[in-house]
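Peer 1: Here is a sequence with its predicted model. Questions after.
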Amino acid sequence: SPYIGPIIKLFCKDGDLALQVHRSLLEPSSKLLSMAKDHGTKTEIRLNDISQEAGHVLVHFLYTKTYRCLRSNDSVTQGRQLAEFRACLECYVTARKYALSNLETLMQTELERLSTEITVPNLIAILEELCPRPSQDDKWFPCFVESCVQRAFDDPQ
């Protein structure tokens, strides 16, 4: 049961606050679970390559198998959408890295949705920053980038 058993504290690159997840929820990803380090009475995982926002999306998914992003403090709609796109892309990369195929599929859907709500130059800048060298075995990502670039040519505003 995910409600009984040890809790693992999950630390992200930009947060001192730990996200908490039951160990049983990490079992589908042996790669992620293997990162757990015992420190006396507590066990923790350090994900130094994802933000606290992306960590929240990851933990929410582990508990509910659904997507939910934290509300951005940015008062401008475009800024909120950029923050959400960034968190989704970080989660997509994390899902591939730790073999969480259901999260990977969910993030593909969310990235496709969000990509239509932000400008292509902003989108490309985030893609270049977070995925400068995508995995060669990723068939979806190059098609996604191509569709975003094509959209810029189809609708140059």
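Peer 2: Sure thing, it's come through. Because the structure is predicted, anything quoted here is derived from the model rather than measured.
Peer 1: Buried residues, the lengthiest helix in the chain. List them.
Peer 2: The residue-count maximum for a helix in the chain (DSSP state H) belongs to helix 77-97. Buried residues in helix 77-97, counted by 16 or more other C-beta atoms under 10 Å: 80-97. (C-beta placed from N, C-alpha, C; glycine too.)
Peer 1: Just after it, pick out the following helix or strand.
Peer 2: Counting by DSSP states H and E, the element after helix 77-97 in chain order, helix or strand, is helix 101-115.
Peer 1: Quick one: name whatever helix or strand follows that following helix.
Peer 2: Using DSSP H and E, the next helix or strand after helix 101-115 towards the C-terminus is helix 120-130.
Peer 1: the inter-axis angle of that next one versus helix 77-97?
Peer 2: 40 degrees (axes from the mean of the first three to the mean of the last three C-alpha atoms, to 10 degrees).
Peer 1: Run through who's touching helix 120-130.
Peer 2: Under the criterion C-beta atoms under 8 Å, 6 or more residues apart in numbering, residues 78, 82, 85-86, 89-90, 93, 115, 145, 148-149, 151-152 lie in contact with helix 120-130.
Peer 1: now, which of those residues sits nearest Ala18?
Peer 2: Glu90 (17.8 Å; C-beta to C-beta).
Peer 1: Could you tell me how many residues sit around the closest residue to that closest one other than its chain neighbours?
Peer 2: Leaving out its chain neighbours, the residue that sits closest to Glu90 by C-beta to C-beta, 6 or more residues apart in numbering is Ala54, at 3.6 Å. Close neighbours of Ala54, defined as other C-beta atoms under 10 Å, add up to 27.
Peer 1: Equivalent analysis for the one 10 residues further on, please.
Peer 2: Thr64 is surrounded by 9 other residues when neighbours are defined as other C-beta under 10 Å.
Peer 1: swap in Met107?
Peer 2: Neighbours around Met107, by other C-beta under 10 Å: 27.
Peer 1: what's the spatially closest residue to it that is not a sequence neighbour in contact with, if anything?
Peer 2: Closest residue to Met107 apart from its sequence neighbours, by C-beta to C-beta, 6+ apart: Tyr92 at 3.8 Å. Tyr92 is in contact with 104, 107-108, 111, counting by C-beta under 8 Å, 6+ apart.
Peer 1: okay if I get these as a markdown table plus pLDDT?
Peer 2: Listed next are the contacts of Tyr92 as a markdown table, based on pLDDT from 0 to 100:
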| residue | pLDDT |
| --- | --- |
| Glu104 | 97 |
| Met107 | 98 |
| Gln108 | 98 |
| Leu111 | 97 |
